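Enquirer: got a predicted structure plus its sequence, pasted below:
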Amino acid sequence: MAEDAGRADRRRRFGTVIARRRGDGSVSAYLARYSSPVDGRRVQRSFGVRADADAWLHDEEMLVELSRRGVQEWVHPTVRERRRKAVEMTFGELADLYVQSHRRRDGSALRGGSLRNLRTDVRHLKDVFGGCRLTDITPERVSEWYFGEHDGQWVFQRCCQRLKAIMELACSDRLGAGMPLLEHNPFILPVPPDPEPRSWSVPPLTGGQVAALYEAMPEYDRLSVLLAVLVGGMRIGEACALTVDDFDFDACTMEVNHSVCRGDEDAGPLRLGPVKSRHSKRVCVLPSVLVPLVREHIETRRDQDSPYVFQGAHTPILAPTTLGKHFRKAREEAGCPDATFRTLRVTHTTLLMQAGGTLREAMDSIGDSTQQVVLRHYTRTIPEHQRAVVGRMTVAMAGQSEQLQRILRIPADSEVGGSAGTVVPGMPDITALMRVLSLLQERVSAGALPVS
């Protein structure tokens, strides 16, 4: 008993223990504190039991005494805990925490394909660094991986982004629990820029190519080509998710409210899920000439009780993989082997703006809120159109000055590059697409073209 009393006195001489009380007087926690021997700042910890607080102060007193004698350097308890966890934690464990805590920019959790892609990227990194302790991942180790062989440009670029972010997490306190674990991020090399997608070299489709794609597709999903090109520049999952109620024939509109998915974990049966972002949910203008084709398609579906516009041959809803397979086969017959379903989205955006649509209208039509993304990924420069525009600009400027016409040797009545209404041969044109639609509508009405 005397020994216990002596210990209590020594503890009281070093630091203090304060009881935190609730409103009813009961103790909620014991706060143990003392002054740092380095800078005099308060060092404290909270405990649920008084004995634990006393024991902690006893251990800290010994460390402070060793520091005063010059035996060893005193290190703040938080830093000690961080170092201990850094020595014990592996990259694989931290990578799993990264996946679990990763969120979109709006704070929502990843789901479906986005979550699957994140896990795939992290799995590539865990194959290399998974069993390594965080303290063993040095800039030299990262450089060895960085300059080694990789599966492809896109995979390497994404893995660099993930590795940098995971190691940055180790250098932050975003997850709490004793973080940061590292003082410096060992990933000090530049993240490679986005590789240039091969799709950037694929031009927008012409009216003839759209018509050929339409006729080469199976009857029950061919309408998706026209809806994607002329109405909403839809993603393939959005096209498969269209329902009868998404169409308002009186107002000539089509709503994009869903995308087909297999649930948050990207597993299970096909179902209607949310669109990519809140901006992707949109109301699109439905050309009046397209209304009869849509009506006839809906009226001739296999299952009239189903809400889905596009139905699978053996499933209630058309799978995006099935539609993609049909499109890849049709593009060969249509003479545009490099086109993808995404090319329909590019065609819609490019021609909409060339027909006089504003950038804001193009963004609203395809459901994207970022100007840079729309301009970089969904619009293309068409040389024939550019040549015609430059020609019209030249004629317009020369028409303001007879002297300039003489300098350029342009006849007064000349139209270099074509007038404003000229369609340059080989150039995709929205008017040509509308003529294709009218022709298809006439063939349907005459019974020469089956619809489904």
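Expert: On my side now, so go ahead.

Enquirer: contacts and neighbour counts: CA atoms only from here.
Expert: Will do.

Enquirer: list the contacts for residue 364?
Expert: 279, 282 (CA atoms under 8 Å, 6 or more residues apart in numbering).

Enquirer: whoops, I mixed them up, residue 258
Expert: Residue 258 touches 238, 241, 242, 272, 273, 274, 275, 281, counting by CA under 8 Å, 6+ apart.

Enquirer: of those residues, which is the most crowded?
Expert: Of all the contacts of residue 258, the highest neighbour tally under other CA atoms under 10 Å goes to residue 241, namely 29 neighbours.

Enquirer: now do the phi/psi pair for it.
Expert: Backbone torsions of residue 241, given as degrees, to the nearest 10, read phi -90, psi 0.

Enquirer: touching the helix or strand hosting residue 169 from outside, list them.
Expert: Residue 169 belongs to helix 153-170 when assigned by DSSP states H and E. Identification of contacts with helix 153-170 by CA under 8 Å, 6+ apart yields 94-95, 98, 121-122, 124-125, 150, 179-182, 185-187, 191-195.

Enquirer: run through the neighbouring helices and strands of the very next helix or strand once past that helix.
Expert: For helix 153-170, the following helix or strand on the C-terminal side (DSSP H and E) is helix 207-216. Under the contact definition 3 or more CA pairs under 8 Å, 6 or more residues apart in numbering; DSSP states H and E, helix 207-216 sits against helix 223-227, helix 320-334, helix 430-445.

Enquirer: and helix 207-216 with helix 320-334, angle?
Expert: Angle between the axes of helix 207-216 and helix 320-334 is 120 degrees (criterion: axes from the mean of the first three to the mean of the last three CA atoms, to 10 degrees).

Enquirer: extract the C-alpha set from helix 207-216 and format it as CSV.
Expert: Output in CSV follows, covering the C-alpha atoms of helix 207-216 (Å, rounded to 0.1, in the frame of the first residue of the first chain):
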residue,chain,number,x,y,z
GLY,A,207,-25.2,10.6,-93.3
GLY,A,208,-24.5,7.6,-95.6
GLN,A,209,-22.5,5.8,-92.8
VAL,A,210,-25.3,6.4,-90.3
ALA,A,211,-27.8,4.9,-92.7
ALA,A,212,-25.6,2.0,-93.4
LEU,A,213,-25.1,1.4,-89.7
TYR,A,214,-28.8,1.5,-89.1
GLU,A,215,-29.6,-1.0,-91.7
ALA,A,216,-26.7,-3.4,-90.7
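
Enquirer: I'd like the mean pLDDT over that helix, please.
Expert: Average pLDDT, helix 207-216: 92.

Enquirer: run the chain-centre distance for that helix.
Expert: Distance of helix 207-216 from the chain centroid (CA atoms, centre = their mean, to the nearest Å) equals 30 Å.

Enquirer: likewise stretch 398-406?
Expert: Here stretch 398-406 is found 51 Å from its chain centre; the criterion is CA atoms, centre = their mean.

Enquirer: convert that stretch to PDB, retaining C-alpha atoms only.
Expert: C-alpha atoms of stretch 398-406 as PDB (Å, rounded to 0.1, in the frame of the first residue of the first chain):
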ATOM      1  CA  ALA A 398     -13.000  40.700-100.000                       C
ATOM      2  CA  GLY A 399     -16.600  41.800-100.600                       C
ATOM      3  CA  GLN A 400     -16.000  44.800 -98.300                       C
ATOM      4  CA  SER A 401     -13.200  46.100-100.400                       C
ATOM      5  CA  GLU A 402     -12.800  46.200-104.200                       C
ATOM      6  CA  GLN A 403      -9.100  46.900-103.700                       C
ATOM      7  CA  LEU A 404      -8.700  43.700-101.600                       C
ATOM      8  CA  GLN A 405     -10.500  41.800-104.400                       C
ATOM      9  CA  ARG A 406      -8.000  43.100-106.900                       C
END
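
Enquirer: for the longest strand along the chain, buried residues please.
Expert: Longest strand in the chain, counting residues (DSSP state E): strand 27-35. By neighbour count on 16 or more other CA atoms under 10 Å, the buried set for strand 27-35 is 29, 30, 31, 32, 33, 34.

Enquirer: what does stretch 55-63 give?
Expert: By 16+ other CA under 10 Å, the buried positions in stretch 55-63 come out as 56, 57, 58, 60, 61, 63.

Enquirer: which residues in the protein form strands?
Expert: Along the chain, counting by DSSP E, strands occupy 16-21, 27-35, 42-47, 247-248, 253-256, 259-261, 271-273, 282-285.

Enquirer: winner for burial among those strands?
Expert: With neighbours taken as mean count of other CA atoms under 10 Å, those reach their highest mean count in strand 259-261, at a mean of 24.

Enquirer: show me what that strand is packed against.
Expert: Applying 3+ CA pairs under 8 Å, 6+ apart, one finds that strand 259-261 contacts helix 236-240, strand 271-273.

Enquirer: just read off the phi/psi values of residue 131.
Expert: For residue 131, the backbone dihedrals (degrees, to the nearest 10) come out as phi -90, psi 0.

Enquirer: in this structure it contacts residue 90, no?
Expert: Yes: judged on CA atoms under 8 Å, residue 131 makes contact with residue 90 at a distance of 5.9 Å.

Enquirer: export the buried residues of stretch 55-63 as TSV, with columns for distance to residue 347 and pLDDT.
Expert: Converted to TSV, the buried residues of stretch 55-63 look like this (distance: CA to CA, whole Å; pLDDT from 0 to 100):
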residue	distance to residue 347	pLDDT
56	69	94
57	71	94
58	74	92
60	70	94
61	73	93
63	71	93
